[in-house]
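give the three-dimensional model of this entry:
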Amino acid sequence: MQLQHVSKSKFKAGALDYMRLVESSKKPLIITHFGKPVINITPHIEPQKKSNLYALRGTLLKYERPMDPVGLEDWEALK
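Residues are numbered from 1 along each chain as shown. Below you'll find the model as predicted:
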């Protein structure tokens, strides 16, 4: 990834334009002072929304023999 660099004086003159550039390119911008990096501006990235199945993680029961037939006594609705 190619980092973009700009001096403080150039950034001050066009701060809004540089912020729009970071927003649209999704790439960080480094502000320099006499050629040395002093500030890093990074785009804000929204965290990924967790799927509905994520809430079920760790709740599955372990079945030793899942392919065995189910008997009538195993159905709770019939009790």
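
okay, CA-based contacts and neighbour counts for the rest of this
Fine.

right, and residue 31 touches residue 38 too?
Yes: counting by C-alpha atoms under 8 Å, residue 31 touches residue 38, with 5.9 Å between them.

show me which of those two is the more surrounded one.
With neighbours defined as other C-alpha atoms under 10 Å, residue 31 and residue 38 compare such that residue 31 has more, 21 against 12.

quick one: buried residues of the strand or helix carrying that one?
Under the criterion of DSSP states H and E, residue 31 resides in strand 29-33. Neighbour counts over strand 29-33 (16 or more other C-alpha atoms under 10 Å) mark 29-32 as buried.

which of those residues lies closest to residue 63?
Relative to residue 63, the closest of those is residue 29; by C-alpha to C-alpha it sits at 52.9 Å.

next up, the contacts around the closest one.
3-6, 22, 40-42 (C-alpha atoms under 8 Å, 6 or more residues apart in numbering).

just the ones of the residues you listed in helices?
residue 22 (DSSP state H).

count of neighbours near residue 15?
Neighbour tally, residue 15, other C-alpha under 10 Å: 13.

how far away is it from residue 69?
Distance of residue 15 to residue 69, given as C-alpha to C-alpha, to the nearest Å: 69 Å.

okay, residue 37: pLDDT?
Listed pLDDT for residue 37 reads 94.

phi, psi for it please.
phi -70, psi 130 (degrees, to the nearest 10).

my guess is it contacts residue 30. True?
Yes: at 6.2 Å, residue 37 counts as touching residue 30 under the criterion of C-alpha under 8 Å.

spatially central residue for the chain, please.
By C-alpha atoms, centre = their mean, the chain has its centre lying nearest to residue 47, at 3.7 Å.

I'd assumed that residue was in a helix, is it?
No: using DSSP: H, G, I helix; E, B strand; the rest coil, the assignment for residue 47 is coil, not a helix.
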